[in-house]
Structure formats: C-alpha cells, structure tokens
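**Q** One predicted model, sequence on top.
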Amino acid sequence: MGTREKAAATDFSTFLDDDTEHALKETAAVSMGTEISGEDLSNMQALARQCVELSQYRHARLPCSFNPARSEFNLLSQGATF
C-alpha cells in the first residue's frame, strides 16, 4: 500500500473481508498519524520483506522447531512407516 493516501486505491480483498477493508480505508482517510518520508517507507518495506523471508525460511528448514505437535509426532513415529 505504501502511504495512507494510497489506501483508497489499494485492493485488500485478497486477505481482508469486505467490512474490515472498508474500515481500514475509512480510518486511513481520517488518520492523523505521523507522515513518513520515502526513505522511511523503503526501510519499512525492506524490513517487512525480511520478516516474510525469515518466516518462510523457518517454515521450510526448521518445521519441527516451530510446531510442537509435529515435533512430538515425529518423535513418536520415528519407527513407523507410511
């Protein structure tokens, strides 16, 4: 989305329901939040990308460490064949 001025033209329907999307756009239109610079926005977007990449890495490489149920299943089923 970028800055709040772009909220009205941004399509959030892929991850928000209609009511939440409408509320987000109304709130962004009247928000009195602090304005950010282009550099601030770039840094926040880079941080968000890094967070997503780290999450994907953890899920792909270390699935048992972050899913206790799966970890216990793997311990219990070491000798089982499927």
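**A** Yes, it's here.
**Q** C-alpha from now on. contacts and neighbour counts both.
**A** OK.
**Q** Break this protein down into its structural domains.
**A** 1-35, 36-82 (automatic domain parsing).
**Q** Assign the residue nearest to residue 13 when sequence neighbours are not counted to helix, strand or coil.
**A** Using CA to CA, 6 or more residues apart in numbering and skipping the chain neighbours, the partner closest in space to residue 13 is residue 21 (7.0 Å). Classification of residue 21 using DSSP: H, G, I helix; E, B strand; the rest coil returns helix.
**Q** and residue 21, how many neighbours does it have?
**A** 18 (other CA atoms under 10 Å).
**Q** where's it relative to residue 5, distance?
**A** According to CA to CA, to the nearest Å, residue 21 stands 15 Å off from residue 5.
**Q** which of the residues in stretch 51-60 are buried?
**A** Counting neighbours by 16 or more other CA atoms under 10 Å, one finds that stretch 51-60 has no buried residues.
**Q** Please list all residues in contact with residue 4.
**A** Residue 4 makes contact with 28, 29, according to CA atoms under 8 Å, 6 or more residues apart in numbering.
**Q** any idea how far it lies from residue 31?
**A** Residue 4 is 8 Å from residue 31, by CA to CA.
**Q** cool, residue 23 as well?
**A** In terms of CA to CA, residue 23 sits 12 Å off from residue 31.
**Q** Check residue 39 too.
**A** 21 Å.
**Q** what's the longest helix in the chain?
**A** helix 38-61 (DSSP state H).
**Q** Tell me the pLDDT of residue 56.
**A** Predicted confidence (pLDDT) for residue 56: 84.
**Q** Equivalent analysis for residue 6, please.
**A** Reported pLDDT for residue 6: 78.
**Q** Now it: phi and psi?
**A** With angles defined as degrees, to the nearest 10, residue 6 sits at phi -90, psi 0.
**Q** So residue 7 sits against residue 28, correct?
**A** Yes. Shown here, residue 7 and residue 28 form a contact pair, counting by CA atoms under 8 Å, at 6.6 Å.
**Q** which residues do the two both contact?
**A** With CA under 8 Å, 6+ apart, residue 7 and residue 28 have no common neighbours.
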